[in-house]
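Undergrad: have a look at this prediction, sequence included:
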Amino acid sequence: MSRFWSIDSPLMNGLGTIADIFLLNIIYVICCVPLVTIGAATTALYTVTMQITRNEYPAVTKAFFKAFKRNFKISTICWLVFMAVGFLLWFDFRIIGQVDGAARSAAKIALGAVLVIYVMVLTYVFPYIARFENDIKNTFKNAFMMSVAHFPFTLILSGLTIGIAVLTFFSGRTFAIATLAFFFIGFALLAYVKSRLFTKVFERYE
């Protein structure tokens, strides 16, 4: 029984991990408020969650802001690129909605393919920056190549995000519950779950 309550017991380690994820989520939400910092905050989030999955037991606040500062430039540039491309995709989908005939179907297929690639690269970029050092061009290139090379993992990772998004906007009630959950723990918990898969992928390249 004393072992059950000891500081190294599975129970205490689990409670410690939950506390770290809770604290990490609060820091992440605060750092995302300026919007332009979402990329750097997401990279820092994955830096810490991957450390947790590797049982490195980081000092959450210190590790987060160290990664936030170290990767701020490249993460912010990548985030701005994703914002710009995302806006263009949204705008293009609205435009083709006003087109008739075969051209509309062809345009939808082409844009759909671009959207799939967009989601695949977005899934990997910030965890990749959290784990590896590279320039912007090779960061996008390697994120895409990894997403293709490990497509089953990519399906799971992307499916988690898309599935949660669909559930969130399913109704007003689910939106309210999800908003509350994400404010306190959701972002960090999702990153932690994903980090277990990212760690398996990245180990092959280290």
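TA: Ah, there it is.
Undergrad: C-alpha from now on. contacts and neighbour counts both.
TA: Will do.
Undergrad: quick one, helices of the protein?
TA: According to DSSP state H, the chain carries its helices in the segments 10-32, 38-53, 60-70, 72-96, 102-131, 136-149, 151-168, 172-181, 187-202.
Undergrad: tell me the average confidence for the second one?
TA: Read that as helix 38-53. What helix 38-53 shows for mean pLDDT is 97.
Undergrad: for the first one, same thing?
TA: Averaging pLDDT along helix 10-32 gives 88.
Undergrad: now swap in the fourth one and tell me
TA: Helix 72-96 comes out with an average pLDDT of 94.
Undergrad: which other helices and strands contact it?
TA: When contacts are defined as 3 or more Cα pairs under 8 Å, 6 or more residues apart in numbering; DSSP states H and E, helix 72-96 sits against helix 38-53, helix 102-131.
Undergrad: in the last one, which residues are buried?
TA: Of the residues in helix 102-131, those buried under the neighbour-count criterion (16 or more other Cα atoms under 10 Å) are 104, 107-108, 111, 115, 118-131.
Undergrad: which elements pack onto that helix?
TA: Taking 3+ Cα pairs under 8 Å, 6+ apart as the contact definition, the neighbouring helices and strands of helix 102-131 are helix 38-53, helix 72-96, helix 136-149, helix 151-168.
Undergrad: which of the helices of the chain sits most buried?
TA: helix 38-53 (a mean of 26; mean count of other Cα atoms under 10 Å).
Undergrad: distance from that one to the middle of the chain?
TA: 8 Å (Cα atoms, centre = their mean, to the nearest Å).
Undergrad: how big is the angle separating it from helix 10-32?
TA: Going by axes from the mean of the first three to the mean of the last three Cα atoms, to 10 degrees, helix 38-53 is angled at 170 degrees with respect to helix 10-32.
Undergrad: and helix 38-53 with helix 102-131, angle?
TA: Angle of helix 38-53 versus helix 102-131, following the same axes, to 10 degrees, is 50 degrees.
Undergrad: next, format the helices and strands packed on helix 72-96 as CSV and append distance to residue 155.
TA: Output for those, formatted as CSV (distance: least, Cα to Cα, whole Å):
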stretch, distance to residue 155
helix 38-53, 19
helix 102-131, 9
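Undergrad: coming back round to it: of all the helices and strands packed on helix 102-131, which lies closest to residue 64?
TA: Among the helices and strands packed on helix 102-131, the nearest to residue 64 by Cα to Cα is helix 38-53 (5.1 Å).
Undergrad: what helices and strands are in contact with the closest one?
TA: In this structure, helix 38-53 makes packing contacts with helix 10-32, helix 60-70, helix 72-96, helix 102-131, helix 187-202, judged by 3+ Cα pairs under 8 Å, 6+ apart.
Undergrad: kindly recompute the last result at 6 Å.
TA: Helices and strands touching helix 38-53, by 3 or more Cα pairs under 6 Å, 6 or more residues apart in numbering; DSSP states H and E, are helix 60-70, helix 72-96, helix 102-131.
Undergrad: okay, the angle between the first one and helix 72-96?
TA: It refers to helix 60-70. For helix 60-70 against helix 72-96, the angle by the same axes, to 10 degrees is 70 degrees.
Undergrad: go on, the longest one?
TA: Using the same axes, to 10 degrees, the interaxial angle of helix 102-131 with respect to helix 72-96 works out to 170 degrees.
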